[in-house]
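Novice: this is a predicted model, with the sequence first.
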Amino acid sequence: MIYMTYSATISSQGQLTIPAKVRRELGITKHVRLDVRNGELIVQRELSLEDIKNILKGPSRPSKLSDREQLLSEGATAKYMASNH
């Protein structure tokens with residue numbers, strides 16, 4: 001993980017401007033999420049609809065081998081083991 005440090009100024013109205021380079025790097029367009037953890041402010045881009053869809057879809061699962069593919073795989077493994085031992 002690469003850490004970069006940037007400086008920003010808080011206005012008299014309490015507004016913080018996130019530098020353009022940081023916004024581009026994080027893909028921030030309009031809204032951000034602010035988290036406070038252990039006395040630190042963490043700024044993250046809001047999740048997009050696509051992000052939420054991917055989260056709900058869950059991790060991709062490997063497709064299950066058909067019975068035929070399983071037999072072929074076991075046969076190939078047995079043949080390989082027999083020829084090398």
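Specialist: On my side now, so go ahead. Quantities reported herein were computed from a predicted structural model and do not represent experimental measurements. Residues are numbered from 1 along each chain as shown.
Novice: CA atoms for contacts and neighbours, from now on please.
Specialist: OK.
Novice: does the most centrally placed residue in the chain sit in a helix, a strand or a coil?
Specialist: By Cα atoms, centre = their mean, the mean C-alpha position of the chain lies nearest to Asp51, the distance being 9.1 Å. State at Asp51, reduced to three classes by DSSP: H, G, I helix; E, B strand; the rest coil: helix.
Novice: that one and Gly27, how far apart?
Specialist: Taking Cα to Cα, to the nearest Å as the measure, Asp51 falls 12 Å from Gly27.
Novice: show the pLDDT at the residue nearest to the centre of the chain.
Specialist: The per-residue pLDDT reported for Asp51 equals 80.
Novice: likewise Met1?
Specialist: The per-residue confidence score, pLDDT, reads 64 for Met1.
Novice: got the buried residues for the lengthiest helix in the chain?
Specialist: The longest helix of the chain (DSSP state H) is helix 67-83. When burial is assessed from 16 or more other Cα atoms under 10 Å, helix 67-83 yields no buried residues.
Novice: using CSV, write out the CA atom coordinates for it.
Specialist: Provided in CSV are the C-alpha atoms of helix 67-83 (Å, rounded to 0.1, in the frame of the first residue of the first chain):
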residue,chain,number,x,y,z
ASP,A,67,-19.2,-35.5,-13.8
ARG,A,68,-17.5,-36.2,-17.1
GLU,A,69,-14.9,-33.4,-16.5
GLN,A,70,-14.3,-34.8,-13.0
LEU,A,71,-13.7,-38.3,-14.3
LEU,A,72,-11.3,-37.0,-17.0
SER,A,73,-9.4,-34.9,-14.5
GLU,A,74,-9.1,-37.9,-12.1
GLY,A,75,-8.0,-40.2,-15.0
ALA,A,76,-5.4,-37.7,-16.2
THR,A,77,-4.1,-37.2,-12.6
ALA,A,78,-3.8,-41.0,-12.1
LYS,A,79,-2.0,-41.5,-15.5
TYR,A,80,0.4,-38.7,-14.6
MET,A,81,1.1,-40.1,-11.2
ALA,A,82,1.6,-43.7,-12.6
SER,A,83,4.1,-42.5,-15.3
